[in-house]
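Colleague: Here is my input, please return the structure:
(chains A, B, C and D)
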2 protein chains.
Amino acid sequence: MICTQSRFRPEGTLLALGVVRQVRQNELIYREGDPASHFMQMVGGVARMTSVRRDGSRFIDAFHLSGDVFGMEVGTLYANSAEAVGACSLVAYPAHDRVLLDAISEGFACQIVTALMHDLRQAKEHARLVAQASALEKTSAFLIDWSSRTERFPLITLPMTRQDIADYLGLSGETLCRCLAQLHRERLIEMLSPRRFKLLDAPALRKMAA
Amino acid sequence: MICTQSRFRPEGTLLALGVVRQVRQNELIYREGDPASHFMQMVGGVARMTSVRRDGSRFIDAFHLSGDVFGMEVGTLYANSAEAVGACSLVAYPAHDRVLLDAISEGFACQIVTALMHDLRQAKEHARLVAQASALEKTSAFLIDWSSRTERFPLITLPMTRQDIADYLGLSGETLCRCLAQLHRERLIEMLSPRRFKLLDAPALRKMAA
DNA sequence: CGAGGTGTTGATTCCCTTCAATTACCGTGG
DNA sequence: CCACGGTAATTGAAGGGAATCAACACCTCG
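Modeller: The predicted model follows:
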């Protein structure tokens, strides 16, 4: 236990260094390989972190929503692209050594460290999920996870496409659909619309997520 | 680009806070769920980060070798277990808020941040690999990655078991063996012993790793 | 009303897992 | 030095789960 705050907070001195940015649906926030000039904090909406391979296959590392920090890079370039799933707003902080070091010395190091540790845990859990879970387990885990990150339990709204979710879980879009259909048949979820669900049996879903 | 140093360095003031620890082969360094009282830096040898599920399946998040930092947790408990692959030595730093904050104020925040960003990038790349690569691609990627982290190219020594590697790549041990055998048949690698390889065609391996 | 993106379902194929058996390796002790 | 035992590694055969290919339904928007 190093920092007790669960999230990096935009309030305070650091905010003065950042600029607010509005991004339209599917707009690129930054591109993989670009100079990592800023790191970001989501204020509203959802962003996806994507990387594309030579063969055209796409992978989504993470979805970020309000409060999440992303875009801090160990090198000089972004390791993946960031895109707006829907319209969203964020704060961009310059990531030059000098500016960030100033911020650190002003007492924000702990919040930055906390944000990174949070992302690291998420990334490790994500790796475990895609490595050793079945398609149904992945699907259940995603629904439970998303539900825990939004605040309208047992209702959830998925702003992203099926393909987005599939690329996040390492599944084909078709398989994801089949798994959702199966969860529906088994009365674990209700499908109010393609993007809106109701979790009918969260404990059972949680057990499947394993 | 935030910090230019590629690794957290044990030299300097912070070392005074840590204690050196020697660990025997397969010995537990810390257990998942234990209070996260210290974070660690490898000095020699190799450690594996493991998590075990109720159904008995094991997953390996990462292998850490000399210089790597691990065990920094956002909560009060370790999220996974750490075990020594072979005999190894490490430095354990107390992770209480007070002590670490002192270290941060003494100018080590940047190194801690860098170590975390490094681990985060590794974890994301790991997730991508296990999510969307074929067994052969995973195997090639592992060999290339391990080769880049050790310094005897084109010779590599794998201190861990086949099952360790398989659990890291999300494969069965048998499939991993078959892939290694295939790489051997195709003259991309030479097997000096079960744990010692020679990379005969690194560019081809790199291409397969995709 | 039509068009295109999105989502869903079906049929087939194939890669990987599983189960099983055999072999290789390595530390130990004779 | 060599025989021995146990673990690790390898290979084979069979089965299953997800990908792929293909067709269709749905919804939004011009």
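
Colleague: Quick check: the residue nearest the centre of chain A vs A:Arg149, distance?
Modeller: Centroid-nearest residue in chain A, with Cα atoms, centre = their mean: A:Phe63, separated by 1.9 Å. Distance, A:Phe63 to A:Arg149, using Cβ to Cβ, to the nearest Å: 8 Å. (C-beta placed from N, C-alpha, C; glycine too.)

Colleague: I figured A:Gly33 was touching A:Tyr78, is that so?
Modeller: Yes. The pair formed by A:Gly33 and A:Tyr78 meets the contact definition of Cβ atoms under 8 Å, at 6.7 Å.

Colleague: Name the residue in the two with the higher neighbour count.
Modeller: It is A:Tyr78, of A:Gly33 and A:Tyr78, that has more neighbours when counted by other Cβ atoms under 10 Å in any protein chain shown, with 24 against 11.

Colleague: Now name the helix or strand holding A:Arg178.
Modeller: Using DSSP states H and E, A:Arg178 sits in helix A:173-185.

Colleague: List the buried residues in that helix.
Modeller: A:Thr175, A:Leu176, A:Cys177, A:Cys179, A:Leu180, A:Leu183 (16 or more other Cβ atoms under 10 Å in any protein chain shown).

Colleague: Show me which of those residues is closest to A:Val113.
Modeller: Nearest to A:Val113 out of these is A:Leu176 (Cβ to Cβ; 34.8 Å).

Colleague: correct me, but that closest one touches A:Asp164?
Modeller: No. The pair A:Leu176 / A:Asp164 is not scored as a contact, 9.8 Å apart, by Cβ under 8 Å.

Colleague: could you check whether stretch A:177-191 is close to chain B?
Modeller: No. Contact of stretch A:177-191 with chain B (Cβ under 8 Å from any Cβ of the partner chain) is absent, the minimum separation being 15.7 Å.

Colleague: now, which of the buried residues of helix A:173-185 sits nearest DNA strand C?
Modeller: Nearest to DNA strand C, judged by Cβ to the nearest atom of the strand, of the buried residues of helix A:173-185 is A:Cys177 at 3.8 Å.

Colleague: Quick check: that closest one touching A:Arg162?
Modeller: Yes. The pair A:Cys177 and A:Arg162 passes the contact test of Cβ under 8 Å, sitting 6.2 Å apart.

Colleague: Tell me, how many residues neighbour A:Ala87?
Modeller: 15.

Colleague: Also the one 3 residues further on?
Modeller: The local packing of A:Leu90 (other Cβ under 10 Å) involves 28 other residues.

Colleague: ok, A:Val52 - contacts?
Modeller: A:Val52 is in contact with A:Glu32, A:Arg58, A:Phe59, A:Ser81, counting by Cβ atoms under 8 Å, 6 or more residues apart in numbering or on different chains.

Colleague: Name whatever forms a beta bridge with it.
Modeller: When bridges are called by DSSP bridges, A:Val52 pairs up with A:Arg58.

Colleague: Roughly how far does A:Ala166 sit from A:Leu176?
Modeller: Per Cβ to Cβ, A:Ala166 is found 4 Å from A:Leu176.

Colleague: Next: A:Pro35.
Modeller: Counting by Cβ to Cβ, the gap from A:Pro35 to A:Leu176 is 35 Å.

Colleague: Walking through chain A, point out its strands one by one.
Modeller: Taking DSSP state E as the test, the strands found in chain A are A:19-23, A:28-30, A:38-44, A:46-52, A:58-65, A:69-70, A:81-84, A:88-94, A:155-157, A:189-193, A:196-199.

Colleague: Adding mean pLDDT and distance to B:Ala109, write these out as JSON lines.
Modeller: Shown next, in JSON lines, are these (pLDDT from 0 to 100; distance: least, Cβ to Cβ, whole Å):
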{"stretch": "strand A:19-23", "mean pLDDT": "93", "distance to B:Ala109": "24"}
{"stretch": "strand A:28-30", "mean pLDDT": "97", "distance to B:Ala109": "24"}
{"stretch": "strand A:38-44", "mean pLDDT": "93", "distance to B:Ala109": "15"}
{"stretch": "strand A:46-52", "mean pLDDT": "97", "distance to B:Ala109": "24"}
{"stretch": "strand A:58-65", "mean pLDDT": "97", "distance to B:Ala109": "23"}
{"stretch": "strand A:69-70", "mean pLDDT": "94", "distance to B:Ala109": "15"}
{"stretch": "strand A:81-84", "mean pLDDT": "97", "distance to B:Ala109": "25"}
{"stretch": "strand A:88-94", "mean pLDDT": "91", "distance to B:Ala109": "16"}
{"stretch": "strand A:155-157", "mean pLDDT": "96", "distance to B:Ala109": "37"}
{"stretch": "strand A:189-193", "mean pLDDT": "96", "distance to B:Ala109": "44"}
{"stretch": "strand A:196-199", "mean pLDDT": "97", "distance to B:Ala109": "41"}
